[in-house]
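**Student:** Here's a sequence, model it:
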Amino acid sequence: MWPRIGGLRTLELGTPGELRANLNALVLAGVKTATAGLLTDEYAAENEELEHVGERLVLVDDQGGLVGVVEVTGVEVVRFADVTWDFARSEGEGDRSIEEWREGHCGYWARVGFPVDDDTQVVCIRFRLVSAGDGGISTGDLGT
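**Tutor:** Prediction:
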(Lines give C-alpha, C1' and ligand atoms only; values in the text may rest on other atoms or scores of the structure.)
Protein backbone atom coordinates (compact mmCIF):
# COMPACT_ATOMS: atom_id res chain seq x y z
CA MET A 1 0.00 0.00 0.00
CA TRP A 2 1.27 3.48 -0.86
CA PRO A 3 1.89 5.94 1.97
CA ARG A 4 -0.83 8.46 2.86
CA ILE A 5 -0.63 12.04 4.11
CA GLY A 6 -3.78 13.62 5.50
CA GLY A 7 -5.73 10.66 4.13
CA LEU A 8 -4.50 11.24 0.57
CA ARG A 9 -2.29 8.88 -1.41
CA THR A 10 1.21 10.10 -2.12
CA LEU A 11 2.76 10.61 -5.54
CA GLU A 12 6.46 9.75 -5.66
CA LEU A 13 7.80 10.71 -9.09
CA GLY A 14 10.83 8.92 -10.47
CA THR A 15 13.49 7.59 -8.15
CA PRO A 16 14.88 9.39 -5.10
CA GLY A 17 17.56 11.98 -5.68
CA GLU A 18 18.13 14.29 -8.60
CA LEU A 19 15.46 12.70 -10.82
CA ARG A 20 12.67 13.13 -8.24
CA ALA A 21 13.79 16.69 -7.45
CA ASN A 22 13.75 17.59 -11.15
CA LEU A 23 10.34 16.01 -11.78
CA ASN A 24 8.85 17.73 -8.72
CA ALA A 25 10.25 21.05 -9.94
CA LEU A 26 8.58 20.50 -13.32
CA VAL A 27 5.23 19.91 -11.59
CA LEU A 28 5.62 23.00 -9.41
CA ALA A 29 6.50 25.06 -12.50
CA GLY A 30 3.34 23.83 -14.27
CA VAL A 31 5.36 22.10 -17.01
CA LYS A 32 4.67 18.50 -15.96
CA THR A 33 0.94 17.73 -15.96
CA ALA A 34 1.05 13.97 -16.40
CA THR A 35 2.86 10.84 -15.28
CA ALA A 36 2.89 7.18 -16.25
CA GLY A 37 2.98 4.00 -14.18
CA LEU A 38 2.91 0.28 -14.84
CA LEU A 39 -0.36 -1.47 -14.10
CA THR A 40 1.04 -4.86 -13.10
CA ASP A 41 4.40 -3.95 -11.62
CA GLU A 42 3.44 -0.84 -9.69
CA TYR A 43 -0.31 -1.00 -8.97
CA ALA A 44 -1.01 -4.73 -8.69
CA ALA A 45 2.23 -5.39 -6.79
CA GLU A 46 1.26 -2.75 -4.21
CA ASN A 47 -2.43 -3.76 -4.15
CA GLU A 48 -3.40 -0.21 -5.14
CA GLU A 49 -6.46 0.90 -7.08
CA LEU A 50 -6.10 3.23 -10.03
CA GLU A 51 -6.42 6.92 -9.38
CA HIS A 52 -9.73 8.50 -10.37
CA VAL A 53 -10.71 11.88 -11.79
CA GLY A 54 -11.04 14.38 -8.96
CA GLU A 55 -8.76 12.47 -6.59
CA ARG A 56 -6.11 14.55 -4.87
CA LEU A 57 -2.59 13.21 -4.47
CA VAL A 58 0.22 14.53 -2.30
CA LEU A 59 3.42 15.15 -4.25
CA VAL A 60 6.32 14.17 -1.98
CA ASP A 61 10.07 14.59 -1.81
CA ASP A 62 12.72 11.97 -1.00
CA GLN A 63 11.91 12.08 2.73
CA GLY A 64 8.16 11.71 2.16
CA GLY A 65 7.64 15.41 2.88
CA LEU A 66 4.76 17.23 1.24
CA VAL A 67 5.81 19.32 -1.78
CA GLY A 68 2.37 20.04 -3.23
CA VAL A 69 -1.05 18.65 -4.00
CA VAL A 70 -2.26 17.66 -7.46
CA GLU A 71 -5.75 16.77 -8.63
CA VAL A 72 -6.22 13.95 -11.14
CA THR A 73 -7.92 15.18 -14.33
CA GLY A 74 -7.68 11.99 -16.38
CA VAL A 75 -6.74 8.31 -16.11
CA GLU A 76 -6.33 5.88 -18.98
CA VAL A 77 -4.75 2.42 -19.23
CA VAL A 78 -3.14 1.71 -22.60
CA ARG A 79 -0.53 -0.58 -24.10
CA PHE A 80 2.98 0.88 -23.97
CA ALA A 81 2.97 1.00 -27.79
CA ASP A 82 -0.29 2.99 -27.73
CA VAL A 83 0.80 5.85 -25.45
CA THR A 84 0.15 8.98 -27.50
CA TRP A 85 2.50 11.83 -28.25
CA ASP A 86 -0.04 14.21 -26.71
CA PHE A 87 0.24 12.35 -23.40
CA ALA A 88 4.03 11.97 -23.59
CA ARG A 89 4.43 15.70 -24.27
CA SER A 90 2.27 16.51 -21.22
CA GLU A 91 4.78 14.69 -19.01
CA GLY A 92 6.94 17.75 -19.64
CA GLU A 93 10.27 15.95 -19.49
CA GLY A 94 11.72 17.40 -22.69
CA ASP A 95 11.18 14.48 -25.06
CA ARG A 96 11.12 15.63 -28.69
CA SER A 97 9.11 12.71 -30.08
CA ILE A 98 7.04 9.73 -28.99
CA GLU A 99 9.97 7.50 -29.98
CA GLU A 100 12.27 9.40 -27.64
CA TRP A 101 9.66 9.17 -24.85
CA ARG A 102 9.33 5.40 -25.38
CA GLU A 103 13.08 4.87 -25.41
CA GLY A 104 13.55 6.90 -22.22
CA HIS A 105 10.68 5.25 -20.34
CA CYS A 106 11.64 1.77 -21.49
CA GLY A 107 15.18 2.41 -20.20
CA TYR A 108 13.94 3.88 -16.91
CA TRP A 109 11.58 0.99 -16.15
CA ALA A 110 14.26 -1.56 -17.07
CA ARG A 111 16.72 0.16 -14.68
CA VAL A 112 14.23 -0.08 -11.80
CA GLY A 113 13.54 -3.75 -12.51
CA PHE A 114 10.40 -3.58 -14.66
CA PRO A 115 11.28 -4.25 -18.31
CA VAL A 116 8.45 -3.35 -20.69
CA ASP A 117 7.38 -4.38 -24.17
CA ASP A 118 4.74 -3.05 -26.57
CA ASP A 119 1.95 -4.89 -24.74
CA THR A 120 2.83 -3.75 -21.20
CA GLN A 121 -0.17 -1.96 -19.64
CA VAL A 122 0.67 1.66 -18.77
CA VAL A 123 -1.45 3.85 -16.50
CA CYS A 124 -1.48 7.36 -17.97
CA ILE A 125 -2.44 9.95 -15.35
CA ARG A 126 -3.11 13.60 -16.09
CA PHE A 127 -3.24 16.11 -13.24
CA ARG A 128 -3.20 19.76 -12.31
CA LEU A 129 -1.33 21.39 -9.47
CA VAL A 130 -3.78 22.69 -6.87
CA SER A 131 -1.45 23.82 -4.11
CA ALA A 132 2.24 24.28 -3.44
CA GLY A 133 4.42 26.50 -1.37
CA ASP A 134 7.84 27.17 -0.03
CA GLY A 135 8.74 23.92 1.70
CA GLY A 136 5.37 22.42 0.88
CA ILE A 137 2.23 22.38 2.98
CA SER A 138 2.59 21.10 6.50
CA THR A 139 -0.91 21.52 7.90
CA GLY A 140 -4.49 22.06 6.86
CA ASP A 141 -7.16 20.20 4.96
CA LEU A 142 -5.48 18.64 1.92
CA GLY A 143 -8.80 17.66 0.41
CA THR A 144 -9.99 21.18 -0.34
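
**Student:** alpha carbons only for contacts and neighbour counts from here, please
**Tutor:** Fine.

**Student:** Against Glu18, how distant is the most centrally placed residue in the chain?
**Tutor:** Most central in the chain under C-alpha atoms, centre = their mean is Thr35, positioned 3.7 Å from the mean C-alpha point. Distance from Thr35 to Glu18, counting by C-alpha to C-alpha, to the nearest Å: 17 Å.

**Student:** Asn24 now?
**Tutor:** When distances are taken as C-alpha to C-alpha, Asn24 and Glu18 turn out to be 10 Å apart.

**Student:** Name the residue in these two with the higher neighbour count.
**Tutor:** When Asn24 and Glu18 are compared for neighbours, Asn24 comes out ahead with 22 against 11, by other C-alpha atoms under 10 Å.

**Student:** does that one belong to a helix or a strand, and which?
**Tutor:** Assignment of secondary structure by DSSP states H and E places Asn24 within helix 18-28.

**Student:** buried set for the helix or strand just after that helix?
**Tutor:** Sequence order places strand 34-38 as the next helix or strand after helix 18-28, per DSSP H and E. Residues Ala34, Thr35, Ala36, Gly37, Leu38 are the ones in strand 34-38 that count as buried (16 or more other C-alpha atoms under 10 Å).

**Student:** Not counting its neighbours along the chain, what's nearest the third one?
**Tutor:** Right, the one you point to is Ala36. Leaving out its chain neighbours, the residue that sits closest to Ala36 by C-alpha to C-alpha, 6 or more residues apart in numbering is Cys124, at 4.7 Å.

**Student:** Having no further points to raise, I will conclude here.
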